[in-house]
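Colleague: quick one, what's the 3D model for this:
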Amino acid sequence: MKIHRALSVLVFVLVACAAHASVAAMDILVIRGKPIAIDRAPWQVAVHVSTLGPLRGLRCGGTAIAPHWILTAAHCFWDDSTKQRIPSYMLSMSMGSATLSGTRKTIEVIEVIPHPAYVHGNWDNDIALIHTRTILPPPFMALATTEGSDPSPLRVVGWGNTEKGNISNELLEATIPQVIPDCRGIAAYDGLSTIRLFCAGGSDTDTCQGDSGGPLYQPLSKGRGIQFGVTVAGMECGRLPGVYARVTAHRAWIAGRLANAGEELLDPAHERVEASLCTPADIRNARC
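Modeller: Numbering: from 1, shown residues only. Okay, the predicted model is just below:
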């Protein structure tokens, strides 16, 4: 899977091609992913065009990080054909099913809050928070506080374009084999990357159009996970590595916004401990 903001000559119009992110938005999909049940990614959210529904109108993904908060990519809320913010009433969010066409819980939104330093058309600071009126169910995604201490492969999930060139109705998961700090050595990304971004994948496994806003994360047991990146950009799904917003670079801003509303982020260390406490039922159900 790979969520990219493709720098190509194609511009996807919001209503006509709502299932794909535009060139500037660079949404990507999961390439060569495998279908998973929702209990493997219970925090996964779909952002879609209200009038088209979750499947035909898929625009981006996102992760529930607290009872009233979702983390996603800022470019999901811009129309690349007009370069303007998309009116709130045109987009909606849902969760609760691995199938886009299945029964899903609609999420009522109070406000979408792009990062204050985000400039539409750039990759840097491409994250946004969604403050919800709907109470989101746990477990929530924990946001990483440090990087590089655990060599375990990371994963991506999403409903974005697959290697077949179409949006997936089923939630797909793929393992990303490598992380490339600061996107070093990738000529196509020269001058586009910053210290707040990193690259990952690219050897056949990737995100793609429709995956933007979703997580690059380390899975834990019992539906928990630790998120290291937000899918924001890329070129040539499955060929070049995808580009991800570095969660550690934005954690302070995210935590501050939640604190203003009386909520807080999960502690990754605590989540690791909780995930290690396996019951016999957890083991039987492959949750540990």
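
Colleague: can you pull the pLDDT of residue 32?
Modeller: On the pLDDT scale, residue 32 is placed at 54.

Colleague: same deal with residue 208?
Modeller: 68.

Colleague: now do residue 155
Modeller: Reported pLDDT for residue 155: 91.

Colleague: isn't it right up against residue 207?
Modeller: No. Using C-beta atoms under 8 Å, residue 155 makes no contact with residue 207, being 10.7 Å away. Using the backbone N, CA and C atoms, a C-beta is placed for each residue, glycine as well.

Colleague: these two - which one has more neighbours?
Modeller: The neighbour count for residue 155 versus residue 207, taken as other C-beta atoms under 10 Å, is higher for residue 207 (42 against 22).

Colleague: tell me if I'm right that the more buried one and residue 237 touch.
Modeller: Yes. Counting by C-beta under 8 Å, residue 207 does reach residue 237; the two are 7.3 Å apart.

Colleague: list the buried residues in stretch 97-109.
Modeller: 97-100, 104, 107, 109 (16 or more other C-beta atoms under 10 Å).

Colleague: flag every buried residue along stretch 83-99.
Modeller: For stretch 83-99, a neighbour-count test (16+ other C-beta under 10 Å) marks 86, 90-99 as buried.

Colleague: wasn't residue 148 part of a helix?
Modeller: No. According to DSSP: H, G, I helix; E, B strand; the rest coil, residue 148 belongs to no helix; its state is coil.

Colleague: confidence score at it?
Modeller: Here the pLDDT value assigned to residue 148 is 70.

Colleague: residues near it, how many?
Modeller: For residue 148, the number of neighbouring residues by other C-beta under 10 Å comes to 8.

Colleague: now do the contacts for it.
Modeller: Residue 148 makes no contacts at all, as judged by C-beta atoms under 8 Å, 6 or more residues apart in numbering.

Colleague: from residue 246, how far off is it?
Modeller: Going from residue 148 to residue 246 by C-beta to C-beta, to the nearest Å gives 12 Å.

Colleague: kindly report the same for residue 39.
Modeller: As judged by C-beta to C-beta, residue 39 and residue 246 stand 28 Å apart.
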